[in-house]
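Student: Need a 3D model of the sequence below.
(one chain, ligands or ions: 2)
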Amino acid sequence: MPLPKAELHLHIEGTLEPELAFSLAARNGVALPYADTEELRKAYLFDDLQSFLDLYYGLMAVLRTEEDFEELADAYLARAAQQGVRHAEIFFDPQAHMVRGVGIGTVMEGLGRALERSEERHGISTRLIMCFLRDQSAESALETLEAARPYLHRIIGVGLDSAEVGHPPAKFREVYEAAAALGLRRVAHAGEEGPPAYITEALDVLGVERVDHGLRCMEDPELVERLVRERVPLTLCPLSNVRLRAIDVLEEHPLTRMMDAGLLCTVNSDDPAYFGGYVDDTFHAVREALGLGQERLRELARNSFEASFLDGSAQDEALRARYLAEVADYSFD
Ligand SMILES: Nc1ncnc2[nH]cnc12
Ligand SMILES: [Zn+2]
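Tutor: Ligands and ions are numbered 1, 2, ... in the order given. So this is what the prediction gives:
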């Protein structure tokens with residue numbers, strides 16, 4: 001049995017496996033520029049974030065109906081359950097669908113159907129985080145928040161993703177203020193490829209409670225000190241960092257140094273269909289590459305629940321306490 005954990009950095013569109021992509025393409029009459037799944041997988045050699053994003057957005061063409069989104073989310077949850085995931089806070093990118101003529105209602109209804117039976121079917125509690133694409137305009141982000149109004153009760157928070165460099169967090173000050181006023185939690189990708197200053201800006205200007213990636217904080221000792229002092233969680237994605245060439249090899253990942261520095265680190269899968277592993281695969285990979293001991297792994301699992309948004313109600317707190325007890329009781333074999 002895998003170590004129980006929460007997954008806090010997972011793009012649902014990044015769980016689109018080649019087999020499902022081809023089956024949805026056939027069902028929806030969408031032509032893909034790849035002969036088969038093997039040829040598609042061969043294209044998963046990325047130079048940087050942008051080269052991945054080009055393929056990621058392109059393949060989304062197969063996602064058209066509520067059923068497609070439902071199938072996508074249900075397939076992820078089934079896999080996640082096998083990986084020990086007990087709670088998942090899932091990102092989705094509505095603008096990437098709306099631009100193709102797929103309405104936010106289609107996305108929300110489809111994802112919603114899979115998520116509402118997740119506890120019963122997969123034993124996983126779930127939350128949804130709506131991400132704004134930072135390489136789109138601030139106006140487009142505001143329009144997206146507006147379009148999401150009928151579905152806000154199904155969303156716990158907002159995030160910021162896509163091409164980072166050249167799109168600093170401050171560009172989205174207004175939409176984050178509006179989201180906060182609506183009672184939404186706030187996270188943002190920062191310091192994946194972008195400089196440490198983007199992490200500071202995400203905290204100070206956007207008011208984020210959690211930083212997605214945050215990898216490059218290690219270049220700024222004062223920022224590290226602040227993140228430690230304020231116990232700001234970082235949702236690290238080590239396999240993603242290797243595949244998108246933020247670091248050369250997993251053995252050089254700063255995870256251990258970050259934990260030693262006192263940072264509240266979590267380990268996540270980001271876009272597992274593209275990066276070679278789901279979250280427990282990632283735990284195993286970092287254990288091997290970095291020589292993490294059992295207590296370090298247990299700490300990562302504990303952190304994942306502590307950093308989660310399971311703190312909004314007595315029911316949430318009870319669930320979190322139950323998951324933390326599962327981590328404490330877990331025995332490694
Ligand atoms: N790793 C990542 N960084 C930024 N945007 C993303 N969208 C999907 N995966 C992403
Ligand atoms: Zn991400």
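Student: list the buried ones in stretch 146-164?
Tutor: The neighbour-count check on stretch 146-164 (16 or more other CB atoms under 10 Å) flags 147-148, 151, 154-164 as buried. Backbone N, C-alpha and C define where each C-beta goes, glycine included.
Student: can you pull out the helices in the stretch 1-150 of the chain?
Tutor: 18-28, 37-42, 49-59, 66-82, 94-98, 104-116, 118-122, 138-147 (DSSP state H, counting those that start in this stretch).
Student: quick one, what contacts S308?
Tutor: By CB atoms under 8 Å, 6 or more residues apart in numbering, the residues touching S308 are 6, 8, 87, 89, 320.
Student: What of I90?
Tutor: I90 makes contact with 7, 10, 12, 73, 76, 111, 115, 126-129, according to CB under 8 Å, 6+ apart.
Student: Now do it against ligand 1, distance only.
Tutor: 12 Å (CB to the nearest ligand atom, to the nearest Å).
Student: does that residue have beta-bridge partners, and which?
Tutor: L10, L128 (DSSP bridges).
Student: tell me which parts of this structure are close to ligand 1?
Tutor: 11, 14, 49, 56, 161-162, 189, 192, 240, 270-271 (CB under 6 Å from any ligand atom).
Student: With pLDDT and distance to N28 as extra columns, can I get these in JSON lines?
Tutor: Shown next, in JSON lines, are those (pLDDT from 0 to 100; distance: CB to CB, whole Å):
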{"residue": "H11", "pLDDT": "99", "distance to N28": "21"}
{"residue": "G14", "pLDDT": "99", "distance to N28": "20"}
{"residue": "L49", "pLDDT": "98", "distance to N28": "28"}
{"residue": "Y56", "pLDDT": "98", "distance to N28": "18"}
{"residue": "D161", "pLDDT": "98", "distance to N28": "25"}
{"residue": "S162", "pLDDT": "98", "distance to N28": "24"}
{"residue": "H189", "pLDDT": "99", "distance to N28": "29"}
{"residue": "E192", "pLDDT": "98", "distance to N28": "31"}
{"residue": "S240", "pLDDT": "98", "distance to N28": "28"}
{"residue": "D270", "pLDDT": "98", "distance to N28": "26"}
{"residue": "D271", "pLDDT": "99", "distance to N28": "21"}
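Student: Using neighbour counts, give me the buried entries of these.
Tutor: Of these, these count as buried by 16+ other CB under 10 Å: 11, 14, 49, 56, 161-162, 189, 192, 240, 270-271.
Student: which residue does the stretch 151-300 of the chain bring closest to ligand 1?
Tutor: Minimum separation of the stretch 151-300 of the chain from ligand 1 (CB to the nearest ligand atom) falls at D161, amounting to 3.5 Å.
Student: So that residue sits against G194, correct?
Tutor: No: in this structure D161 lies outside contact range of G194 using CB atoms under 8 Å: 11.8 Å.
Student: returning to what we had before: TSV for the buried ones among the residues of the chain next to ligand 1, including distance to V211?
Tutor: Shown next, in TSV, are those (distance: CB to CB, whole Å):
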residue	distance to V211
H11	16
G14	19
L49	16
Y56	21
D161	12
S162	16
H189	8
E192	10
S240	15
D270	14
D271	18
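Student: Sort out for me which of those are in strands.
Tutor: 11, 161, 189 (DSSP state E).
Student: And stretch 155-169, end to end?
Tutor: One end of stretch 155-169 sits 21 Å from the other (CA to CA, to the nearest Å).
Student: Over to stretch 263-271?
Tutor: 23 Å.
Student: And for stretch 223-236?
Tutor: One end of stretch 223-236 sits 16 Å from the other (CA to CA).
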